[in-house]
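[1] Show me the folded form of this:
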Amino acid sequence: MSTDKAPLDPNRLTPKQAAKLLSAAAKVRVPVEQIAADLDAGAPQNSDGTMNLVQYAAWLVKEMGRGD
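    This next block holds a predicted model:
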């Protein structure tokens with residue numbers, strides 16, 4: 001696993017890393033539990049359990065278009 005000082009690879013983020021990165025970018029807390037729920041709901045995931053940030057963002061946009 002990478003250390004906090006190692007550069008992040010947006011193609012291979014853990015849910016915890018993604019939550020931290022997205023929280024910083026949005027200036028709103030993105031809980032790791034929300035990302036885990038998205039993964040459970042079908043968000044794309046790499047075979048090693050990491051996620052690609054661009055694919056995740058595209059999945060979120062697609063899900064927003066579905067409505068409730």
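[2] Residue 22 and residue 47, how far apart?
    22 Å (CB to CB, to the nearest Å). All C-beta spots, glycine's among them, are computed from the backbone N, C-alpha and C.
[3] Where does pLDDT dip in the protein?
    For the chain, residues meeting the criterion pLDDT under 70 lie at 1-4, 68.
[4] Of all the residues in stretch 12-27, which ones are buried?
    For stretch 12-27, the buried set under the neighbour-count rule, 16 or more other CB atoms under 10 Å, comprises 13, 14, 15, 17, 18, 19, 20, 22.
[5] now do stretch 27-40
    Buried residues in stretch 27-40 (16+ other CB under 10 Å): 30, 35, 38, 39.
[6] What of stretch 39-50?
    Neighbour-count burial for stretch 39-50 flags 39, 43, 45 (criterion: 16+ other CB under 10 Å).
[7] which among the buried residues of stretch 27-40 gets closest to residue 61?
    Nearest to residue 61 among the buried residues of stretch 27-40: residue 38, at 12.4 Å, using CB to CB.
[8] For residue 22, see how far away that closest one is.
    From residue 38 to residue 22 the distance is 11 Å (CB to CB).
[9] Next, report how far the lengthiest helix in the chain is displaced from the centre of its chain.
    Longest helix in the chain, counting residues (DSSP state H): helix 53-66. Relative to its chain's centre, helix 53-66 lies at 10 Å (CA atoms, centre = their mean, to the nearest Å).
[10] which residues are in contact with it?
    10, 11, 13, 18, 21, 35, 38, 41, 42, 43, 44 (CB atoms under 8 Å, 6 or more residues apart in numbering).
[11] hmm, try it at 10 Å
    8-13, 15, 17-18, 21-22, 25, 35, 38-39, 41-46, 51-52 (CB atoms under 10 Å, 6 or more residues apart in numbering).
[12] related to what we said a few turns ago, among the buried residues of stretch 27-40, which lie within helices?
    Cross-referencing the buried residues of stretch 27-40 against helices under DSSP H gives 35, 38, 39.
[13] Please render the residues you listed as TSV that adds distance to residue 56 to the earlier fields.
    Below are these laid out as TSV (distance: CB to CB, whole Å):
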residue	distance to residue 56
35	8
38	7
39	9
